[in-house]
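Peer 1: Okay, sequence plus prediction incoming.
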Amino acid sequence: MPENHPTHELLEQFMLGELSAAENRNVVRHLLSGCQDCRRVTSRYLPTSEGGIAPVHDSPWEDTSANRETQAFNRILSKLQAREASLAEERLAAPALLDELMSHPPTHRLLLARNSRRYQSWSLCELLLEKTRVSAIRNPGEGVELGSLGVAISECLDETAYGVTLVNDLRARAWTRLGNAHRVMSDLEAAEKALEHAEFFLADGTGDSLEEGRTLDIKAWLRSDQGRFQEAIRLEDKAIRAFKGIGDRHLAGQSLAHQATFCGYDGDLSRATTLLKRALELLDPAVDPRMVLATKHNLVLFLQEKGELTEALALLHEIRPLYDKLGSQMDAVRLKWVEAKLAEGLNQPQLAELSLLEARKCFVEHGIGLDAALVSLDLANLYLNLGRTEEVKRLATDMLPIFDSRDIHAEALAALGAFQQAAELEELSRELVEEISQYLESSRHNPKLPFRRG
Amino acid sequence: MFARFGIPSQDAEDLLQQTLLTFLCKREEIRSPEAWLMGTLKKRCLMYWRRRRRSLCTAMDKAILEQVAADGTSIDDRTQLRHDLDSALRRLSSRCRSLLTLRYRHDCDFPEAARRMGYRASGIYKITQRCLAALTVEMVSCGLVEERGDA
């Protein structure tokens, strides 16, 4: 039997990380010898994925005098009260502080954020990140600028005052928001790097599933934009679990809806419609009525693509009043587009044609080139089905304004060029139209995706 | 919950305090406070032990490296150390055995070990953590181990 066994206490302390480097070395050397007696002691303290064992000398949390517990709660309460008071002050001051910061020229804002303690506040950072989230959708360029500012402020927050894990959560949020803004701007490389930063900070954060779920959701969108749909779907699975773990049904429903979109992109329409129906059970219209509308809109689209026209039509009738109530002008145009697809499916070509022409005109007027191109392709398919080849040729000529739209990237131009050429030569087929449509959808957020004619 | 996860009382107080402070900062976004609190506390308990495992593995790794590098030990001691280390590594998977042999016997850092074993540098961290965890479990668990006699 090996001599010089460490004491029971020493072995326990080793397992709890309470020894010096020299003491660690001695214990490890002894354990390397294979001493079963000592391993019997250490194995008791080996932490598993389900937890561990508190030290023998520890009085368990539950088994104390009422006095000890009361003291602990009083300590916690007093810290909470102090934090609440300072947070309340910060929150009051944050909007004015943001206005002040934004009143400076963009080039000065970052400098001020990094060098003036005045702007290094939790509440200001939160407010800025919320603005980043909204801007990323409406004005992506501004979203990147605000996101960068949010990241800068989060990096300067006082870790001692707020707590390092909490600050890391906010840093993770800042990088996630910035990453999303980059993604919407189609800078997928910058988005990828930003999300790596987000994950780095999440790993050393509070473990808040809300932050984790949000980052996973944005990463899923990035994967989708990169054409990696199965990965996107798996990431949303994790996001859904995270949100359900903290009882947030609405966000779980939102992630389900996103997952359905990725399934749709991947061609799995059955799963997409199932997921959308599940999402609608969880989404809360009081929280985000537009999200509910968008989800129902997508369900109509997928049902139509599956050929389940009766169900699609019934749902469309149900949600039409919602478009009037909540929808923007562009939502109304997209509704027209959906109605056109349904009309074609129900063998109503005249109605389909009228609706498609109207939708295309609106998209062209608003400079939304990609959707205008997609509607044009739907029109081309309709005309091909009806044998109206002259109109297909005219359609190709009428596409010129679309080529000038800012959202038509070089590869999309090549795809539309292929369409034009085939139409002029009367060589256009439904397969080619379908191929170009699928390419344009896939390249929506990934302009570097090359167009290759099959 | 703390009792269920075996969290020591001092650390339990810290975990509870941090969770409640987090709640305070984020409560406006939290739709189900009770579910959030319970879910977050549970996750923090799991993270607590995950960090503890990682610290233990790091301490084990560091101690072995220091033993191996120590000057002034006798040839007999160094031979015995090598024998004991080989014995522990023999019980690991071949991948872990190769990786940790490179580390402890051939003084390779992780990027170098990755290169020699044909792994991407970005992927070696996770593999290393798993192998160190396997070695740690092997060394602190009770089981069928060759116990050497006294020299």
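Peer 2: Thanks, I have it.
Peer 1: residue contacts, the closest residue to chain B within the stretch 301-450 of chain A?
Peer 2: Scanning the stretch 301-450 of chain A for proximity to chain B using C-beta to the nearest C-beta identifies A:Leu326 as nearest, at 21.1 Å. In this view, the C-beta of every residue, glycine as well, is placed from N, C-alpha and C. By C-beta atoms under 8 Å, 6 or more residues apart in numbering or on different chains, the contact list for A:Leu326 reads A:Pro289, A:Arg290, A:Leu293.
Peer 1: Return the nearest residue of the stretch 101-250 of chain A with respect to chain B.
Peer 2: A:Gly247 (2.5 Å).
Peer 1: what helix or strand does the nearest residue to that residue once chain neighbours are set aside sit in?
Peer 2: Excluding the flanking residues, the one nearest A:Gly247 by C-beta to C-beta, 6 or more residues apart in numbering or on different chains is B:Ala35, at 2.5 Å. Under the criterion of DSSP states H and E, B:Ala35 resides in helix B:33-69.
Peer 1: For the stretch 201-350 of chain A, just list every one of the helices.
Peer 2: Applying DSSP state H, counting those that start in this stretch to the stretch 201-350 of chain A gives helices spanning A:209-225, A:229-245, A:249-265, A:269-282, A:289-306, A:309-326, A:329-345, A:349-365.
Peer 1: for the last one, packing partners?
Peer 2: Applying 3 or more C-beta pairs under 8 Å, 6 or more residues apart in numbering or on different chains; DSSP states H and E, one finds that helix A:349-365 makes contact with helix A:329-345, helix A:369-386.
Peer 1: what comes into contact with the first one?
Peer 2: Outside helix A:329-345, the residues within contact range by C-beta under 8 Å, 6+ apart are A:293, A:297, A:300-301, A:304, A:307, A:309, A:312-313, A:316, A:320, A:323, A:327, A:349, A:351-353, A:355-356, A:358-359, A:362-363, A:366, A:368, A:371, A:375, A:378, A:382.
Peer 1: try it again with 6 Å
Peer 2: For helix A:329-345, contacts defined as C-beta atoms under 6 Å, 6 or more residues apart in numbering or on different chains pick out A:Val300, A:Gln304, A:Leu309, A:Ala312, A:Tyr323, A:Leu351, A:Ala352, A:Ser355, A:Leu356, A:Glu358, A:Ala359, A:Cys362.
Peer 1: now the last one
Peer 2: Contacts of helix A:369-386 from elsewhere in the structure, counted by C-beta under 6 Å, 6+ apart, are A:352, A:356, A:359-360, A:363-364, A:391-392, A:395, A:399, A:402, A:405, A:407-408, A:416, A:430, A:433, A:437, A:440.
Peer 1: Can you select the buried ones among those for me in ChimeraX?
Peer 2: A single ChimeraX command is used to select the members of the contacts of helix A:369-386 judged buried by 16 or more other C-beta atoms under 10 Å in any protein chain shown:
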select /A:352,356,359,360,363,364,391,392,395,399,402,405,407,408,416,433,437,440
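Peer 1: end-to-end on stretch A:391-408?
Peer 2: For stretch A:391-408, the first-to-last residue distance is 23 Å (C-alpha to C-alpha, to the nearest Å).
Peer 1: Looking at that stretch now, give me its mean pLDDT.
Peer 2: In this model, stretch A:391-408 carries a mean pLDDT of 80.
Peer 1: what's the answer for stretch A:200-211, then?
Peer 2: For stretch A:200-211, the mean pLDDT works out to 93.
Peer 1: residue ranges for the helices of chain B, please.
Peer 2: B:2-5, B:9-26, B:33-69, B:75-90, B:94-104, B:110-117, B:121-140 (DSSP state H).
Peer 1: Now render those helices as a markdown table, adding mean neighbour count, distance to A:Arg173 and mean pLDDT.
Peer 2: Shown next, in a markdown table, are the helices of chain B (neighbours: other C-beta atoms under 10 Å in any protein chain shown; distance: least, C-beta to C-beta, whole Å; pLDDT from 0 to 100):
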| stretch | mean neighbour count | distance to A:Arg173 | mean pLDDT |
| --- | --- | --- | --- |
| helix B:2-5 | 17 | 27 | 81 |
| helix B:9-26 | 19 | 10 | 89 |
| helix B:33-69 | 18 | 16 | 90 |
| helix B:75-90 | 15 | 43 | 88 |
| helix B:94-104 | 18 | 36 | 92 |
| helix B:110-117 | 16 | 31 | 84 |
| helix B:121-140 | 17 | 24 | 85 |
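Peer 1: For A:Pro105, find the nearest of these.
Peer 2: Counting by C-beta to C-beta, A:Pro105 lies closest to helix B:9-26 out of the helices of chain B; the figure is 31.1 Å.
Peer 1: quick one: the closest one to chain centroid distance?
Peer 2: Here the centre of helix B:9-26 is set off from its chain's centre by 25 Å, with C-alpha atoms, centre = their mean, to the nearest Å.
Peer 1: touching chain A at all, that helix?
Peer 2: Yes - Helix B:9-26 lies within reach of chain A by C-beta under 6 Å from any C-beta of the partner chain, at B:Ser9, B:Ala12, B:Glu13, B:Gln17, B:Leu20, B:Leu21, B:Thr22, B:Leu24.
Peer 1: could you say what helices and strands the longest helix along chain A packs with?
Peer 2: The single longest helix within chain A, with elements called by DSSP H, is helix A:66-102. Contact here means 3 or more C-beta pairs under 6 Å, 6 or more residues apart in numbering or on different chains; DSSP states H and E; on that basis helix A:66-102 packs against helix A:122-138, helix B:9-26.
Peer 1: and the first one, which residues are buried?
Peer 2: Within helix A:122-138, the residues that qualify as buried are A:122-129, A:131-133, A:135-136, counting by 16+ other C-beta under 10 Å.
Peer 1: mean confidence score for stretch A:337-347?
Peer 2: Stretch A:337-347 shows a mean pLDDT of 92.
Peer 1: what's near enough to touch A:Ile436?
Peer 2: Counting by C-beta under 6 Å, 6+ apart, A:Ile436 makes contact with A:Ala415, A:Phe419.
Peer 1: switch the cut-off to 8 Å
Peer 2: By C-beta under 8 Å, 6+ apart, A:Ile436 lies in contact with A:Leu377, A:Ala415, A:Leu416, A:Ala418, A:Phe419.
Peer 1: list the contacts for A:Met264?
Peer 2: For the record, residue A:264 is Gly, not Met. Going by C-beta under 8 Å, 6+ apart, A:Gly264 touches A:Ala272, A:Asn298, A:Leu301, A:Phe302, A:Glu305.
Peer 1: are any of the contacts of A:Ile436 buried, and which?
Peer 2: Counted by 16+ other C-beta under 10 Å, the contacts of A:Ile436 give A:Leu377, A:Ala415, A:Leu416, A:Ala418, A:Phe419 as buried.
Peer 1: Max pairwise distance over those residues: which two?
Peer 2: So, the buried ones among the contacts of A:Ile436 by C-beta to C-beta: farthest apart are A:Leu377 and A:Ala418, at 11.5 Å.
Peer 1: Show me what residue of chain B gets nearest to chain A.
Peer 2: B:Ala35 (2.5 Å).
Peer 1: That residue reaches A:Arg249, doesn't it?
Peer 2: No - if you go by C-beta atoms under 8 Å, B:Ala35 and A:Arg249 don't touch, sitting 9.6 Å apart.
Peer 1: Give me the residue ranges of chain A where confidence is low.
Peer 2: For chain A, the stretches flagged by pLDDT under 70 are A:1-3, A:48-66, A:406, A:445, A:454.
Peer 1: Contacts only, for the residue nearest the centre of chain B.
Peer 2: Among the residues of chain B, the one closest to the centroid is B:Cys57, at 2.6 Å (C-alpha atoms, centre = their mean). Counting by C-beta under 8 Å, 6+ apart, B:Cys57 touches B:Gln129, B:Leu132, B:Ala133, B:Leu135, B:Thr136.
Peer 1: ok, now which ones touch the closest residue to it other than its chain neighbours?
Peer 2: In space, and not counting its chain neighbours, B:Cys57 is closest to B:Leu132: 4.3 Å by C-beta to C-beta, 6+ apart. Contacts for B:Leu132 (C-beta under 8 Å, 6+ apart) come out as B:Cys57, B:Thr58, B:Met60, B:Asp61, B:Leu100.
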